[in-house]
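Student: Mind looking at a prediction? Sequence and model below.
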Amino acid sequence: MTELRHAISGTPPRPIRSPIDKIALLAAPGLLYLAVLYAIPLLLLLLQSFRSEDGGITLDAYTSFFAESYNLEVLLRTLRVAFLTTLLSLAIAYPTAIAMNRAKGVWLTVFLVAMVLPMSLGVVVKAFAWSILFRSNGALNQTMEFIGLIDAPIRMLFTETALVVGAANVFLPFMVLPIYAVLRQQDEALQHAAASLGAGPIFRFFNVSLPLTLPGIVAGAAFVFSMSISMYVIPSLIVGETQQTLPMLIARSFLYLRNEQLGSTISAILLIIAIVVVLSSSFLAARLGAKE
Amino acid sequence: MTRTDQIFSRLSWAIGLATAAFLMLPIVITVVVSFSASPVYTLPPPDWSLRWYEALQRKSGLVEAVILSLNLAVLSTAISLALGTAAAIAVARGQFPGRAGVGTFVVSPLMMPGLVLGVAMLQFFRDIGLRDAYWSLLLAHVVITLPFVMRTLLAAMGSFDFSMIDAARTLGMSYPKAIAKVLIPNLAPAYLTGGLFAFLASMDNYPISIFLTDAWNKTLPIKMLQYLEEQPDPSIAAMSTGLILLAIVVLAIGARTVGLNRMIQG
């Protein structure tokens, strides 16, 4: 039957192969490794959070977590900081990616070095450098006082704003590079075509550039958001114990309080959020890919 | 170009250059602080000195931490490159159900919260009775590095012409030899990029390692955070300056052999 259909439609029949061939087996070692050391541990963690003491299934761990208003506050703060960090990163990254795409020669090198070199500075040192800047007698306050922006030093360290700025600084390359990658593949002629048909720059941005760069934006935003909800070193150096986030609660319950039950529950909650981000971003990416 | 176009263009240049400066800011601060004569972090420093570079020698456990981190980064990157090459060939050439899903799965550890992975691994290793900190760390660091390697290798092999492998085999090479002599040299930029990012990710990992270390096996980021909490003097800045120098050398070599843009885009 299929042969007949191919004969009629004129497409050559696809070679018939068994569903799994020898080359496919090459994936086995890597997949097995990740299954045992990555997927199974996460699955066990997730399952354990639903297990009651007598071995049944229960939501007790979650209900008692959400019953405390402090925990809710921490959850909301974590999501808010991640959202603001993603938003700030996108606002800075988009124009930067455009400038990078137009840059040539030395300027391109400057941009590329600025993206990669900071990665060699560990996140511990980077966060510490920001905590130095944000101190009330720090360079940032002195500069702002000097140029007359403020009258007296303002408190910046230990604030959420400082955390968002510091986090955006660390994660920015992960937003710029995906957008830059899609911009590079874009045909400049599209812009000229739209312009010659009378489309103004703002209309062109929303109807030509933005839709074409959406896959890059989705990839970058998913990356930055998931890294922001799980950051630990940056908030512990910039905001400290006063304003906890979910990862800080996890670390505290395991490393200081020795309360594994609580730590596992928060871990499971953070894991569920991360999985939702991954799934929704790959769903969005697939839809955007299908449209093209 | 209309006037609005020009304004847009200038604005993106201004923001772009400001971003570059913003990104370099922590590096500048670290380098400046490392040459400061003052033990507190006043900027600009009151006087210049090299005392923090000398103080580095007296930091106990620092050399051990650097050696452990280098050891883990080199080994885990090498294992990931081997596992990743095989898996990427399978995804690019093999026929099996769920091929696209494999790509998503192997890159997904990148987006999972590090602390949660650390907790899950800690509990898993305890369940199976693995108590050795070094082996726990090495096993975990392969999970950290593999996604970086896979991401670049999958992209590179997607556009590699596998008929070159067939040609090499017709000329009498075995399949593994054809991979080693034809595929890997052709994809050298991807190997360099994936390997470099994997290496850096392993060197920099804090959230997973913190759950798997013991008193004798502390990686560099853990040791550095510990120093900063106990005795925050600029000697950490001095050591970081050394690492930055090393990174500049690596980048310069990469830029000469592969080209920066290709290196970053994978």
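Tutor: Arrived safely.
Student: Not counting the strand or helix carrying residue B:106 itself, show me its contacts.
Tutor: Here residue B:106 sits within helix B:99-107, counting by DSSP states H and E. Helix B:99-107 has contacts (CB atoms under 8 Å, 6 or more residues apart in numbering or on different chains) with A:27, A:30-31, A:34, A:39, A:282, B:84, B:87, B:90-91, B:146-147, B:150-151, B:154. In this view, the C-beta of every residue, glycine as well, is placed from N, C-alpha and C.
Student: Just the ones in helices from the residues you listed, please.
Tutor: Among the contacts of helix B:99-107, the ones falling in helices (DSSP state H) are A:30-31, A:34, A:282, B:84, B:87, B:90-91, B:146-147, B:150-151, B:154.
Student: pLDDT score assigned to residue A:247?
Tutor: For residue A:247, the pLDDT comes out at 94.
Student: Just give the number of residues close to the residue nearest to it when sequence neighbours are not counted.
Tutor: Distances taken as CB to CB, 6 or more residues apart in numbering or on different chains place residue A:232 nearest to residue A:247, at 4.2 Å, with adjacent residues excluded. Residue A:232 has 22 neighbours, counted by other CB atoms under 10 Å in any protein chain shown.
Student: And residue A:232, its phi and psi?
Tutor: Dihedral pair for residue A:232: phi -120, psi -50, per degrees, to the nearest 10.
Student: next one: residue B:48
Tutor: Torsion angles, degrees, to the nearest 10, at residue B:48: phi -110, psi 150.
Student: Which pLDDT does the model give the closest residue in space to it that isn't next to it in sequence?
Tutor: Counting by CB to CB, 6+ apart, residue B:35 is the residue found nearest to residue B:48 once chain neighbours are left out, at 5.1 Å. pLDDT, residue B:35: 87.
Student: again, but for residue A:81
Tutor: Confidence score, pLDDT, at residue A:81: 96.
Student: cool, the one 3 residues further on as well?
Tutor: According to the model's per-residue confidence, residue A:84 sits at a pLDDT of 97.
Student: Kindly tell me how buried it is, as a neighbour count.
Tutor: 18.
Student: in which helix or strand would I find it?
Tutor: helix A:69-102.
Student: quick one: buried residues of that helix?
Tutor: A:71, A:74-75, A:77-79, A:81-82, A:84-86, A:88-90, A:92-101 (16 or more other CB atoms under 10 Å in any protein chain shown).
Student: can you check stretch A:53-65 too?
Tutor: Those would be A:61, A:65, for stretch A:53-65 by 16+ other CB under 10 Å.
Student: again with stretch A:216-226
Tutor: A:216, A:217, A:218, A:219, A:220, A:221, A:222, A:223, A:224, A:225, A:226.
Student: what do you get for stretch B:180-200?
Tutor: B:182-183, B:187, B:189-200.
Student: So is it next to chain A?
Tutor: Yes - against chain A, stretch B:180-200 shows contacts by CB under 8 Å from any CB of the partner chain at B:197, B:200.
Student: now, which of the buried residues of stretch A:216-226 lie close to chain B?
Tutor: A:222, A:223, A:226.
Student: The last one is in contact with residue A:279, isn't it?
Tutor: No - taking contact to mean CB atoms under 8 Å, the distance of 11.3 Å between residue A:226 and residue A:279 leaves them out of contact.
Student: hmm, who's touching the helix or strand where residue A:142 lies?
Tutor: Using DSSP H and E, residue A:142 sits in helix A:139-146. Contact partners of helix A:139-146, identified using CB under 8 Å, 6+ apart, comprise A:132-135, A:150-154, A:156, B:29, B:43-44.
Student: Quick check: nearest residue in space to residue B:13, chain neighbours excluded?
Tutor: Residue B:13 sits nearest to residue A:99 (CB to CB, 6+ apart), 5.0 Å away.
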